[in-house]
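K.L.:
Sharing a sequence plus its predicted fold:
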Amino acid sequence: MTDGVAVNVADDHILSNQIIRGLKTLRDHLGCSLHEALDVFAARYEVLRVERPDDFVCTRDEYGTGFYS
């Protein structure tokens, strides 16, 4: 699998708080399970928070509010 640094196919979804779309994009791209996609999503989220903090549509505290997996 990947560590989230090299996989940027879901960046737009991650930045705009589109969690389900981001997970689907990762699953389609990597051919992985939902659990693996969640791990990659979380890792990529952390990378983007460091590299592109101003590109997020919401704060860290607001991100994922109301989303339960």
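P.N.:
That came through, no problem. Residues are numbered from 1 along each chain as shown.
K.L.:
switch to C-alpha atoms for all contacts and neighbour counts from now on
P.N.:
OK.
K.L.:
counting contacts, what elements does the top helix by length along the chain pack onto?
P.N.:
Using DSSP state H, we find that the single longest helix of the chain is helix 34-51. Applying 3 or more CA pairs under 8 Å, 6 or more residues apart in numbering; DSSP states H and E, we find helix 34-51 packed against helix 11-15, helix 19-30.
K.L.:
Might you report the residue contacts of the spatially most central residue of the chain?
P.N.:
Centroid check for the chain by CA atoms, centre = their mean gives Phe41 as the closest residue, at 3.5 Å. The contact partners of Phe41, taken as CA atoms under 8 Å, 6 or more residues apart in numbering, are 4, 14, 22-23, 26.
K.L.:
can you do 10 Å?
P.N.:
Listed by CA atoms under 10 Å, 6 or more residues apart in numbering, the contact partners of Phe41 are 3-4, 7-8, 10-11, 13-14, 19, 22-23, 26, 35, 47.
K.L.:
How about Cys58?
P.N.:
15-17, 64.
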